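Engineer: model this:
(one chain, ligands or ions: 2)
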Amino acid sequence: MRQPGDKYRPFKAVRLTDRTWPDRAIARAPRWCSVDLRDGNQALAVPMSVPEKLEMFKELCRIGFKEIEIGFPSASDTEFAFTRQLIEQDLVPADVAVQVLVQAREHLIRRTVESLKGARRAIVHLYTPTNPAQREIVFGLSKAEVLEMAVRGARLVRELTDAQPETAWQMEFSPETFVLTEADYALEVCEAVAKAWGASAKRKIILNLPLTVEAGTPNTHADQIEWFCRNLSDRDMAVVSLHTHNDRGTGVAATELGLMAGADRVEGTLFGNGERTGNLDVVTVALNMFSQGVDPKLDLDGLPAVRALYERLTRMTVHERHPYAGDLVFTAFSGSHQDAIKKGMDRRAKQGDGAAWDVPYLTIDPKDIGRSYEAIIRINSQSGKGGVAYVLDREFGYDLPKLMHPEVGQLIGQHADKLGKELSPAEIMEHFRKHFVNLVSPMELVEFDSDPMGKDLVACRVQVRTGGKVLTLRGEGNGPINALVHALEPHGWAGYSVKDYRSHALSSGSESSAAAYVCVQDKRGRAAWGCGVDANIELAGLKALVSAANRLA
Ligand code: KIV
Ligand code: ZN
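Structural biologist: Ligands and ions are numbered 1, 2, ... in the order given. Modelled structure (predicted):
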């Protein structure tokens, strides 16, 4: 479409030139309210069954939500029965309030309050359409009529809840869609409802300001929230609550800026399930806070298990690149990222867990949310030498000398390229073994004995198999490796020199062995690395030498 301006109008923001929110930061957790069982559930192709809702409810309690919207009990018998089950079977922890949604209609309000009989703590969430399109197109009501409807509803909620004093009640009111409603009118309706409920600093009302459909940039949302908070006649009588959706993909940003603008409470769902593009993703906002050093007061330590439960119960999937929870978010494919992560991790291992988190490309330590380092680096043809070395070290305990990384990285990269796919750690190890470890062709080390001949002199007797024959040879040198080189000089190793050597212990299963790495250069200046593995560290070194020479052959 060439002229979108012919069809679409820009969002009209509230006028607030002296806004203060840009200078504020989020310094503490808000009051969280999960709407998974209501807003999230009503957006599912197959809504959760009662046992599934119950399982989700228990998980939400375990995570630490103290306010949970459990449904719309006046809308269906199933929702009513679920509410009753929670209360009658005493399944709601003492510090958790169940919240239920209802329209401002008498019979629905009566049924709703009835559904909550016997609850310890409950929130009745009343909502009324206040934005012009809903008022005029959907309901055909004037501003005054909508206000009257909301006030009548609030009075009835008050009357009915007063009659059930065994419950600690709170009322929530949502002018829907707040962000598309004239600001002064939304405020007027909220003030009138608060008055009807008898709101005060001791009897707070929750004023939930829905961003039912995102229409503007997140800063316009923040302006609206700050404007509202500043213009409320009594800020203390209200808990200002955010309820964002994600139509423009900025639900998280709108919520964060809304908190900076003065809101106290946030409604949302796990992983952002909800109508259309979803509700606010509570997990992302909470872990964003966590990454800034602020305790979100939600237990997301075991995020993979939370995700698994969510996927099973909602039949939705979490995208691979979903913040924090996606399969690929702690994975680096590019070589430069892998190198940087390896260096960051190595430095952290030296500094210890007490040091501040500062690993390039990783916003948080995956371990903190139950994810593992193993998944951080995966190898494909774009991966660098550092990534391959990291996998061999982290997964298999092979700590390759730095100078060996390019040769190994290149070979594994070519293999990934040839296969046209990402390699698993096992495939990397297999390819490394095949091309570098204990190589026996064209020459195999069959036997090796050495005798010290005095200071810095060793004599060796060695058997090698080459070209189908076993040769017995002798040589001398300043150590076993050197002695072997000399023994093989007349058999094709003339001019060979050992450029580098290192070894370390290797634990695999119950057997402990050693790994050695040797770099050999031939008389033409060509160099190659080899690796030897053996229970005997001296033999590991000799096998590394033969492997390196075999790679040059
Ligand atoms: O998105 C919305 O406006 C709602 C209200 C009922 C709060 O879900
Ligand atoms: Zn909603």
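
Engineer: where does residue 133 land in three-state SS?
Structural biologist: Under the three-state scheme (DSSP: H, G, I helix; E, B strand; the rest coil), residue 133 adopts helix.

Engineer: Spatially nearest residue to it (excluding sequence neighbours)?
Structural biologist: Excluding its sequence neighbours, the residue lying closest to residue 133 (C-beta to C-beta, 6 or more residues apart in numbering) is residue 180, at 7.0 Å. In short, each C-beta sits where N, CA and C put it, glycine included.

Engineer: Now do the same contact list for the one you found.
Structural biologist: By C-beta atoms under 8 Å, 6 or more residues apart in numbering, the residues touching residue 180 are 131-133, 212-213, 215.

Engineer: if I look at residue 234, how far off is ligand 1?
Structural biologist: Using C-beta to the nearest ligand atom, to the nearest Å, we find residue 234 at a distance of 23 Å from ligand 1.

Engineer: neighbours of that residue, just the number please.
Structural biologist: When neighbours are counted by other C-beta atoms under 10 Å, residue 234 registers 12.

Engineer: follow-up on the earlier one: filter the contacts of residue 180 down to the buried ones, ChimeraX style.
Structural biologist: Buried residues among the contacts of residue 180 (16 or more other C-beta atoms under 10 Å), as a ChimeraX selection:
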select :131,212,213,215
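
Engineer: buried sites along stretch 66-77?
Structural biologist: Residues of stretch 66-77 classed as buried by neighbour count (16+ other C-beta under 10 Å): 66-75.

Engineer: Go back to these and keep what's next to ligand 1.
Structural biologist: When contact is defined as C-beta under 6 Å from any ligand atom, those do not meet ligand 1 at all.

Engineer: Go back to the contacts of residue 180 and keep what's next to ligand 1.
Structural biologist: residue 212.

Engineer: Closest to ligand 1 out of the contacts of residue 180?
Structural biologist: residue 212 (3.4 Å; C-beta to the nearest ligand atom).

Engineer: Tell me if I'm right that the closest one and residue 179 touch.
Structural biologist: Yes - under the criterion of C-beta atoms under 8 Å, residue 212 makes contact with residue 179 at 7.5 Å.

Engineer: Any idea how far apart the tips of stretch 319-328 sit?
Structural biologist: End-to-end distance for stretch 319-328: 9 Å, by C-alpha to C-alpha, to the nearest Å.

Engineer: so how far is that stretch from its chain's centroid?
Structural biologist: Centre-to-centre, stretch 319-328 and its host chain are 6 Å apart (C-alpha atoms, centre = their mean, to the nearest Å).

Engineer: Give me the contact list for it.
Structural biologist: 271, 281, 283-284, 287-288, 300, 303-304, 306-307, 318, 329, 364, 369, 375.

Engineer: repeat that for 7 Å
Structural biologist: By C-beta atoms under 7 Å, 6 or more residues apart in numbering, the surrounding residues in contact with stretch 319-328 are 271, 283-284, 287, 303, 307, 318, 329, 369.

Engineer: Minimum pLDDT in the residues you listed, which residue is that?
Structural biologist: Across the contacts of stretch 319-328, the bottom pLDDT score, 92, is held by residue 329.

Engineer: On the three-state scheme, that one is what?
Structural biologist: What three-state DSSP gives for residue 329 is coil.

Engineer: residues in contact with it?
Structural biologist: Residues near residue 329 by C-beta under 7 Å, 6+ apart: 321, 323.

Engineer: With residue 63 instead?
Structural biologist: The contact partners of residue 63, taken as C-beta under 7 Å, 6+ apart, are 298-300, 306.

Engineer: circling back to that earlier point, export the contacts of residue 180 as CSV, with columns for pLDDT.
Structural biologist: Below are these laid out as CSV (pLDDT from 0 to 100):
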residue, pLDDT
131, 96
132, 95
133, 92
212, 97
213, 96
215, 93
